[in-house]
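[1] Here is a sequence with its predicted model. Questions after.
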Amino acid sequence: MKAIQVEKFGGPERLMLADVSKPRPGLGEVLVRLAYAGVNYIDVYMRDGSYARSHTYQTPLPMTIGMEGAGRIEEVGEGVSGLSVGDTVAYCLSRGSYAEFAVVPAWKVVRVPAGIDLAIATTLMLQGSTAHYLSRSAFPLKRGDTCLVHAGAGGVGQLLVQLAKRAGATVIATVGSEDKARLARERGADHTILYRQMDFGAEVRRLTDGRGVDVVYDSVGRDTLPRSFRALKRRGVCISFGASSGQPEPVPLLELAEAGSVFLTRPHLADYMASADEIRARAADLFAAVAEGALHVAIDKVFPLAEASAAHGTIEGRATRGKLLLKIH
Ligand code: NDP
């Protein structure tokens, strides 16, 4: 089968289309014939070696990357119950979706309800579940809260803005350009800040009458994290969940005290999708929100599998306005 392989860590040019053997499902696994693979920032970190020492997201070379996909079950391994050949499924956090077929642990797979488009189902698994756990579990937003969402027009960003609004929060989104500001507002952001052009910390203070926000969702990392603490209210929460601009410098603990005794957490999605029940509950919530018309999933661009490196260039080049997908079957 065709798959995108990484033999050495490095730039997008390291993504090579190769012929590899079709995998077979083992105990507790299913083989999925992929319709789509999602392109996510985690694929960049796995390709460039940022996760070389991660136990949670292992990157043994050579490897087929891709952590999100959807398609039909082609084969069911021993010991799997409740899933059958032909079922339409989606999943994330199992490596190898940039390929025609992938073997996936059955407990990570959810059935896609009739009426949900497969491109949308793919997107909901990793980016959707991320926005879900951030807004419902890591810091469960409630009416009256105010949150700051960095990169509010990106893939996760647009979904997080919508879920935060659905929870009743006031949303301030940072964005890299005027057209992204428009997009974040269309998704429901109450305020947008062009963080390349102005001091977002000062602007947040102005917008909150000096108080600061209850929570910052920071996916940008190096360029924003130190200033994100200063946008928080006293005893607010900073969730540093990504590093699109590079890994942030280590944080001196006293800095958290000086920012108002704030809290800092650095979560992995895997710890918020730790069981089949948790995965299914998040997916069910997201599928229902889409079915009700309450969650808009923006599919930005769809690339053929062979153009995975162009897709990585797009996400790293800050050119995403929603989801990037690879179309496979
Ligand atoms: P996005 O579509 O959000 O793309 C990244 C965006 O980050 C860009 O569009 C850009 O928006 C902003 N950005 C700021 N600085 C830079 C820079 N120097 N280089 C590139 N982009 C920059 O990607 P995703 O939605 O796929 O992922 C968003 C983030 O969420 C990633 O950091 C990812 O690692 C993280 N994530 C974390 C998870 C977790 O559980 N910890 C799970 C899933 C995703 P702008 O132009 O507006 O500045």
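    Now that the structure is in, tell me what you want to look at.
[2] Could you pull up the contacting residues of the closest residue to Tyr272 other than its chain neighbours?
    Of all residues beyond its chain neighbours, the one nearest Tyr272 is Tyr133 (3.7 Å), with distances taken as C-beta to C-beta, 6 or more residues apart in numbering. (Each C-beta comes from the backbone N, C-alpha and C, glycine too.) Contact partners of Tyr133, counting by C-beta atoms under 8 Å, 6 or more residues apart in numbering, are Pro267, Leu269, Tyr272, Met273, Arg282.
[3] sec struct for Ile120, please.
    helix (DSSP: H, G, I helix; E, B strand; the rest coil).
[4] I'd say it and His296 touch.
    No - taking C-beta atoms under 8 Å as the definition, Ile120 is not a contact partner of His296, at 9.7 Å.
[5] Between these two, tell me which one has more neighbours.
    Taking other C-beta atoms under 10 Å, Ile120 and His296 do not tie; Ile120 has more neighbours (23 against 15).
[6] Setting aside sequence neighbours, what's the nearest residue to that one?
    Nearest non-adjacent residue to Ile120 (C-beta to C-beta, 6+ apart): Val297, at 4.6 Å.
[7] wait, doesn't that neighbour sit right on Leu118?
    No - assessed by C-beta under 8 Å, Val297 is found out of contact with Leu118, at 11.6 Å.
[8] Please say which of those two ends up with more neighbours.
    The neighbour comparison of Val297 against Leu118 (other C-beta under 10 Å) goes to Val297, with 23 against 20.
[9] Let me see the contact set for that one.
    By C-beta under 8 Å, 6+ apart, Val297 lies in contact with Ile120, Thr123, Leu124, Gly128, Leu159, Val290, Gly322, Lys323.
[10] Then Leu326?
    36-39, 66, 98, 302-305, 307-308, 311.
[11] Show only the entries of the contacts of Tyr133 found in helices.
    With helices taken from DSSP state H, the overlap with the contacts of Tyr133 comprises Arg282.
[12] so which of the contacts of Tyr133 comes closest to the ligand?
    Nearest to the ligand, judged by C-beta to the nearest ligand atom, of these is Leu269 at 3.4 Å.
[13] Could I get the pLDDT score of Ala192?
    Slight slip there: residue 192 is Thr, not Ala. Here, the pLDDT recorded for Thr192 equals 98.
[14] Tell me which residue is most central in this structure.
    Gln127 (3.2 Å; C-alpha atoms, centre = their mean).
[15] and the helix or strand Gly157 falls within with the ligand, contact?
    Element membership of Gly157, judged by DSSP states H and E, is helix 155-166. Yes - under the criterion of C-beta under 6 Å from any ligand atom, the ligand is reached by helix 155-166 at Gly155, Val156, Gly157.
[16] Equivalent analysis for stretch 184-194, please.
    No - using C-beta under 6 Å from any ligand atom, stretch 184-194 stays clear of the ligand, coming no nearer than 8.4 Å.
[17] That stretch: how far from the chain's middle?
    Chain-centre distance of stretch 184-194: 19 Å, with C-alpha atoms, centre = their mean, to the nearest Å.
[18] swap in stretch 152-161?
    Relative to the centre of its chain, stretch 152-161 is centred 9 Å away, using C-alpha atoms, centre = their mean.
[19] So Thr130 sits against Phe241, correct?
    Yes - counting by C-beta under 8 Å, Phe241 is a contact partner of Thr130 at 7.3 Å.
[20] the more surrounded of the two?
    Between Thr130 and Phe241, Thr130 has the larger neighbour count (other C-beta under 10 Å), namely 28 against 22.
[21] Quickly note the distance from the more buried one to Leu163.
    Using C-beta to C-beta, to the nearest Å, Thr130 is found at 10 Å from Leu163.
[22] what sits against the nearest residue to Lys2 once chain neighbours are set aside?
    With C-beta to C-beta, 6+ apart as the measure, Glu100 is the residue that lies nearest to Lys2, at 5.4 Å, once sequence neighbours are left out. Taking C-beta under 8 Å, 6+ apart, we find Glu100 in contact with Met1, Lys2, Ala3, Lys22, Arg33, Leu34, Leu305, Ile328, His329.
[23] what about 7 Å?
    Going by C-beta atoms under 7 Å, 6 or more residues apart in numbering, Glu100 touches Met1, Lys2, Ala3, Leu34, Ile328, His329.
[24] Give me the common contacts of Val297 and Leu118.
    By C-beta under 7 Å, 6+ apart, no residue touches both Val297 and Leu118.
[25] Point out the residues in the stretch 51-200 of the chain that sit beside the ligand.
    With C-beta under 6 Å from any ligand atom as the criterion, the stretch 51-200 of the chain meets the ligand at residues Leu126, Gln127, Thr130, Ala151, Ala153, Gly154, Gly155, Val156, Gly157, Val175, Gly176, Lys180.
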